[in-house]
Each structure stands twice: as C-alpha cells, then as structure tokens.
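K.L.:
sequence and predicted model, in that order:
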Amino acid sequence: QEHLVESGGRLVQAGDSLRLSCAAAGPIFNALEMGWFRQAPGKEREFVAAVGRTNPRTAYQDTVKGRFTIFRDNAKHTLYLQMNDLKPEDTARYYCGAGTFDDLQRGESAYWGQGTQVTVSS
C-alpha cells in the first residue's frame with residue numbers, strides 16, 4: 001500500500017517554475033504534518049520544506065526561501081510544492097514525508113514515497 005505518491009517532476013530549464021504534488025492516504029495526512037525533501041546524486045537526502053497540519057506555519061531550507069512555497073489541501077489530502085526560479089542545483093529526486101514538524105526539519109519522516117525527479121538544465 002502506497003501511503004504517499006509524488007508527481008509533477010520533469011525536465012525544465014533554469015528560471016522555470018514547477019509544481020510538485022503528493023497524494024497522501026487520508027489517515028496519514030489528517031494526523032501528521034507534511035514536508036518535502038530531496039536527494040541529489042551522490043548526496044544525502046535533505047529537508048526542503050515543511051507545513052503544519054492545522055497551523056499554517058511553514059519552514060524552509062535557506063537555499064529555497066523566497067523561491068519555493070509549500071502548501072496543503074486538506075480536503076484533497078494533497079501536499080504541494082510550488083517551485084519558482086529553478087536553478088540547476090535544485091536538480092534532485094523530490095520526496096514527500098509525514099511526521100512531526102520538528103522531525104521533518106531534522107530530515108526524519110515516518111513515511112516515504114517513491115519520489116519524483118526534477119532536473120533543471122542550465
């Protein structure tokens with residue numbers, strides 16, 4: 001059973017925008033806070049952004065602040081990541097996760113999806 005399913009990744013050019021989606025199982029989405037992570041080739045998976053469950057608080061990695069926006073649609077059990085002004089260094093496989101707000105920022109998640117590939121060409 002897939003608890004988290006990411007989609008929306010593709011090849012884009014530097015400066016382009018892209019929106020990722022993560023469809024979550026209802027019990028998980030309703031109970032936990034959600035986040036996005038990414039892993040580039042040869043690097044460890046890293047935290048990108050997190051959003052509260054009912055509290056609209058958000059947190060971002062410094063390199064994406066001002067360019068990425070995380071938000072959730074509680075009625076659709078879907079998490080989004082709007083990415084603007086993409087850069088080649090944003091190239092990675094993007095994953096969504098679910099957990100506590102603090103755990104997510106530490107790179108920890110109770111559940112992982114299969115990820116979606118984002119490639120930004122220069």
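P.N.:
Received, thanks. Residues are numbered from 1 along each chain as shown.
K.L.:
wait, doesn't F37 sit right on Y94?
P.N.:
Yes: contact criterion C-beta atoms under 8 Å: F37 and Y94 qualify, at 7.2 Å. Glycine gets a C-beta too; all of them are placed from N, C-alpha and C.
K.L.:
and the residue nearest the centre of this protein?
P.N.:
W36 (2.3 Å; C-alpha atoms, centre = their mean).
K.L.:
gap between Q61 and G9?
P.N.:
18 Å (C-beta to C-beta, to the nearest Å).
K.L.:
ok, G52 next?
P.N.:
Taken as C-beta to C-beta, the span from G52 to G9 is 24 Å.
K.L.:
which of those two has more neighbours?
P.N.:
The neighbour comparison of G52 against G9 (other C-beta atoms under 10 Å) goes to G9, with 18 against 13.
K.L.:
list the residues that contact the more buried one.
P.N.:
Going by C-beta atoms under 8 Å, 6 or more residues apart in numbering, G9 touches 18, 20, 93-94, 115-119.
K.L.:
what does the pLDDT read for it?
P.N.:
For G9, the model assigns a pLDDT of 98.
K.L.:
now the contacts of G9 as JSON lines including neighbour count, secondary structure and distance to E2?
P.N.:
Formatted as JSON lines, the contacts of G9 follow (neighbours: other C-beta atoms under 10 Å; DSSP: H, G, I helix; E, B strand; the rest coil; distance: C-beta to C-beta, whole Å):
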{"residue": "L18", "neighbour count": "20", "secondary structure": "strand", "distance to E2": "22"}
{"residue": "L20", "neighbour count": "25", "secondary structure": "strand", "distance to E2": "16"}
{"residue": "R93", "neighbour count": "18", "secondary structure": "strand", "distance to E2": "16"}
{"residue": "Y94", "neighbour count": "24", "secondary structure": "strand", "distance to E2": "16"}
{"residue": "G115", "neighbour count": "21", "secondary structure": "coil", "distance to E2": "12"}
{"residue": "T116", "neighbour count": "21", "secondary structure": "strand", "distance to E2": "13"}
{"residue": "Q117", "neighbour count": "12", "secondary structure": "strand", "distance to E2": "17"}
{"residue": "V118", "neighbour count": "22", "secondary structure": "strand", "distance to E2": "20"}
{"residue": "T119", "neighbour count": "15", "secondary structure": "strand", "distance to E2": "23"}
